[in-house]
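# Coordinates for the following, if possible.
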Amino acid sequence: MSSSLARDQSVSPTVPAAPAPDGAPVGAPTDAAARPAAAAPAPRERDAFFDNAKFVVIVLVVMGHTWEPLRDASHTLKALYLFVYSFHMPVMIVAAGYMAKNFDSQPRRIKKLITGIAVPYVVFETAYTLVINATEGGDHPLSLYDPLWLTWFLLALFIWRLLAPIWRVVRWPLAVAVVISLLSSLTQLPDALELYRTLELLPFFVAGMVLRREHFSWLHRRGVRIAAVAVLAGAAGMAYLAAPYDVMEFFFWRTGRPGFPEMGFAHWAVLRVACLGCAAVATAAVLALVPERRTWYTRLGEGTMYTYLLHGFLVKLAAYAGLYDMAFVHKPLGIAAVTVVAAGVAVALTTVPVRKCFRWVMEPRLEWAFR
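Numbers count the residues shown, from 1 in each chain. Model (predicted):
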C-alpha cells in the first residue's frame, strides 16, 4: 500500500561485490568494476499486480470511511459496508507482507522503516488528534501508544515489519501466526498499541511473506477467476443477510472476547476462525480479479499511502461542515453521489502532484538524523 513501503519492491537484490584479485588493495577497481555502466543489470521493475491491488483497495477504503456516517441510512449500504470491510484490510496487509519479504536489520532498511512509517505515524497521529478534537469537540489526549482512528495501520505495520525476520526462520510461520491471532482474541490484552488488531490480522501479513509470486499467478487461472466471482457474489449476499445484526465489530478486528463477556471461549474461538476463514477466502477472490498487466491506474497504486493518510481529514471536515446532516445524502441518489465523490477523491490523492506536495512529510529524507 504504502509508497514508502513499496520502494523495497522496486529495489534490485544486492549483488555481492566480486573479490579483488590477489595482491590488489581492498576497494581497488577490478575488470568487472571497470566495465561500462550499460553492462550492469537493469533494476527490477515494480510489480504491476500489487500496485493494481493497492489502488483497488484504497478506493474501497476511502468509500468505506465516507459511508460510515451513512451506513444506517440504508440496509443495502450497511450490507455493502460490511462486505467491503470483510476483506479490504486483509488485502492491503497481504500486499504489505509480500513487500516485506526481504526486510532485515540492514541500516538502509531500518532507515526506511523510520522515515517511511515511524515519522509519518508521529506526524499524522498528532495531526488527527488535533483535527478530531477541533471538529468533534473531543478531548482525546495525544498518545503515540494509543493510535486514533486510521493511524493504527501505521503502528501495526511498524510492528509487523520489525517482526518480519522472525517469520523467515520459523518452521510453520503461517500456522504459528494463526495460533497467535486466535489466542490474542481470547485473552485480555493491554489497551495500547492496537494489539488486538495487530495480532488478529497478523496471519495476513505472514501470508504475504510466505506466498510466492507464482501463487498469486495461480489465482488468475480462468477457473479460479470464475470461482472468485461466485465467492464474492456469495459474500455480498451473506453481508446483506447479516446487515441487520450487530456483526460489524467482528470485522473491525479491534476487540477480543473479554469485550463480549456473554460469549464463551468455545463460541468466540469458532467465530474468530470463521472470520479469519471468510476474510482469507474473500481476499483470495479479490486478488484473483485484480489484473496482473499494467493498467491506467497502476502508477496511481504507488501512492496509496498518501491517499490513506490524507483522505481522513476530508472526511472529518465534511462531517464538521454538516454535509452528512443534509437529508439528500441519506437518500439513494445522495449515497450514490457520495460514493462517486469518494472514488474521485481516492484517485486524486494518489496522483503525482499530491505526492510531490506531501513527500516531505510522507517520505522525509532526514539525512541529518542518521549516521
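# what about V131, how many neighbours?
When neighbours are defined as other Cβ atoms under 10 Å, V131 has 18 of them. All C-beta spots, glycine's among them, are computed from the backbone N, C-alpha and C.
# what do you get for the one 3 residues further on?
A134: 12 surrounding residues under other Cβ under 10 Å.
# Centre of the chain to the helix or strand where it lies, how far?
A134 is part of helix 119-136 when elements are defined by DSSP states H and E. Centroid separation between helix 119-136 and its chain, computed with Cα atoms, centre = their mean, to the nearest Å, is 19 Å.
# got it, and stretch 242-262?
With Cα atoms, centre = their mean, you get 21 Å for stretch 242-262.
# and the end-to-end length of it?
20 Å (Cα to Cα, to the nearest Å).
# for this protein, what spans make up the strands?
Under the criterion DSSP state E, the chain contains no strands.
# got any ranges where it has weak pLDDT?
Applying pLDDT under 70 to the chain flags the ranges 1-44.
# Looking at it, which helix is longest?
Criterion DSSP state H: the longest helix present in the chain is helix 265-289.
# got the buried residues for that one?
268-269, 271-272, 275-276, 278-289 (16 or more other Cβ atoms under 10 Å).
# Quick one: list the elements packing against it.
Secondary-structure packing of helix 265-289 (3 or more Cβ pairs under 8 Å, 6 or more residues apart in numbering; DSSP states H and E): helix 48-67, helix 88-99, helix 173-186, helix 202-210, helix 222-242.
# now that helix: how far from the chain's centre is it?
Worked out by Cα atoms, centre = their mean, helix 265-289 lies 17 Å from the chain centre.
# hmm, back to that, which one of the helices and strands packed on helix 265-289 lies closest to T126?
Nearest to T126 among those is helix 48-67 (19.7 Å), distances taken as Cβ to Cβ.
# Which elements pack onto that closest one?
Packed next to helix 48-67, using 3+ Cβ pairs under 8 Å, 6+ apart, are helix 3-6, helix 75-85, helix 88-99, helix 265-289, helix 304-320, helix 332-349.
# got the contact list for the longest one?
This points to helix 265-289. Residues outside helix 265-289 that contact it (Cβ atoms under 8 Å, 6 or more residues apart in numbering): 53, 56-57, 86-87, 90-91, 94, 178, 181-182, 185-186, 200, 203-204, 207, 216, 219-220, 224-225, 227-229, 231-232, 235, 250-251, 257, 260, 263.
# Check the burial of the closest residue to V354 other than its chain neighbours by counting its neighbours.
Take V354 and drop its neighbours on the chain: the residue closest to it by Cβ to Cβ, 6 or more residues apart in numbering is Y306, 6.0 Å away. Counted with other Cβ under 10 Å, residues neighbouring Y306 total 25.
# just the one 4 residues further on next, same as before
Here the number of neighbours of L310 (other Cβ under 10 Å) works out to 19.
# Can you tell me the closest non-neighbouring residue to it?
Nearest non-adjacent residue to L310, counting by Cβ to Cβ, 6+ apart: L349, 5.3 Å away.
# wait, doesn't the one you found sit right on T307?
Yes - between L349 and T307 there is a contact at 4.0 Å, judged by Cβ atoms under 8 Å.
# Check the burial of the residue lying closest to Y98 once chain neighbours are set aside by counting its neighbours.
Leaving out its chain neighbours, the residue that sits closest to Y98 by Cβ to Cβ, 6+ apart is G208, at 4.0 Å. As a burial measure, G208 scores 23 neighbours (other Cβ under 10 Å).
# ditto for L219
19.
# Report whether the expected contact of it with A228 is present.
Yes - counting by Cβ under 8 Å, A228 is a contact partner of L219 at 7.5 Å.
# so who does the nearest residue to A239 once chain neighbours are set aside touch?
Spatially, and ignoring its direct neighbours in sequence, A239 is nearest to F83 (3.9 Å; Cβ to Cβ, 6+ apart). F83 makes contacts with A235, A236, A239, as judged by Cβ under 8 Å, 6+ apart.
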